[in-house]
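> No sequence on hand, only this structure:
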């Protein structure tokens, strides 16, 4: 049996965005090798990696069975994976209207959840000087994003198409980090119960759990 993998995923152990791609690859049963870039060594800014991703961020994905096609930006990768490999619509919307809604939520994740959660995390833990006004701003924006999700999820189980799709899965890895550190599980349960129920349902999926367990193991 060949050990050739369908994809190569350039990612990082700590960063959330690469892990969401790993989740969707696992969900779809697609094989891949992970290359974990070391941010402390600036491997994501190396000339070799910048040839793949001129933005110098993770993730980047190479599809070896599509002429070594390279794609970056995590939610763009999710769309590519389902459009090309999810022909049964296991994780994706089937109609034009549902696909538009799916993309709506992916844009909201990319423009809202990721940047605001990331800045809240940065100013809470890594910025060299404490700036209370920045922490407060991004705390409020993080809570606003959660409140938008909660308002929708209090009325339905999933974001699109009455089933879990890449729209839902795109939020998992940032939520994991935020709930464990900067927001707290108890606060989420109290303020955003629908979000918490939805998140835990996603985390119970075998593919999500296996990727989350791997991430935890690599972080030790």
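Everything's here; your move. Because the structure is predicted, anything quoted here is derived from the model rather than measured.
> Could you report the neighbour count for residue 13?
A count of nearby residues for residue 13, using other Cβ atoms under 10 Å, gives 16. Every C-beta, even on glycine, is put in place using the N, C-alpha and C of the backbone.
> hang on, I meant residue 217
By other Cβ under 10 Å, neighbour count at residue 217 equals 9.
> Off-centre distance for the lengthiest helix in the chain?
For the chain, the longest helix by residue count, based on DSSP state H, is helix 132-153. On the basis of Cα atoms, centre = their mean, to the nearest Å, helix 132-153 is displaced by 18 Å from the centre of the chain it belongs to.
> That helix packs against which elements?
helix 114-125, helix 185-191, helix 193-203 (3 or more Cβ pairs under 8 Å, 6 or more residues apart in numbering; DSSP states H and E).
> Contacts for the helix or strand just after it, please.
Sequence order places helix 166-169 as the next helix or strand after helix 132-153, per DSSP states H and E. Applying Cβ atoms under 8 Å, 6 or more residues apart in numbering, the contact partners of helix 166-169 are 20, 23-24, 27, 75, 78-79, 81-82, 91-92, 101-102, 105-106, 109, 158-160, 198, 202, 208.
> What about those residues, which are in helices?
Among the contacts of helix 166-169, the members falling in helices (DSSP H) are 20, 23-24, 27, 75, 78-79, 81-82, 101-102, 105-106, 198, 202, 208.
> of the residues you listed, buried ones?
20, 23-24, 27, 75, 78-79, 81-82, 101-102, 105-106, 198, 202, 208 (16 or more other Cβ atoms under 10 Å).
> Enumerate the positions of the helix or strand bottoming out on mean pLDDT in the chain that are buried.
The helix or strand of the chain with the lowest confidence, counting by mean pLDDT, DSSP states H and E, is helix 185-191 at a mean of 90. Going by neighbour count (16+ other Cβ under 10 Å), the buried part of helix 185-191 is residue 188.
> List of residues touching it?
With contacts defined as Cβ under 8 Å, 6+ apart, helix 185-191 is touched by 143, 146, 147, 150, 179, 195, 196, 199.
> per the record, what domains does this structure have?
7-90, 96-206 (automatic domain parsing).
> Just want the angle from the longest helix of the chain to helix 114-125.
If you take axes from the mean of the first three to the mean of the last three Cα atoms, to 10 degrees, helix 132-153 sits at 140 degrees to helix 114-125.
> ok so, going back, for residue 218, find the nearest of the domains of the chain.
Checking these against residue 218 by Cβ to Cβ gives domain 7-90 as the closest, at 4.7 Å.
> Quick one: distance of that closest one to the chain centre.
From the chain centre to the centre of domain 7-90 is a distance of 11 Å (Cα atoms, centre = their mean).
> got it, and stretch 166-178?
Taking Cα atoms, centre = their mean, the mean C-alpha location of stretch 166-178 is offset from the chain mean by 5 Å.
> Just the terminal-to-terminal distance for that stretch.
19 Å (Cα to Cα, to the nearest Å).
> Over to stretch 119-139?
End-to-end span of stretch 119-139 (Cα to Cα): 9 Å.
> And the contacts of it?
116, 141, 142, 177, 178, 181, 182.
> ok, now which ones touch the second one?
By Cβ under 8 Å, 6+ apart, the contact set of residue 141 is 112, 116, 119, 120.
> Likewise for the fourth one?
Residue 177 makes contacts with 16, 117, 121, as judged by Cβ under 8 Å, 6+ apart.
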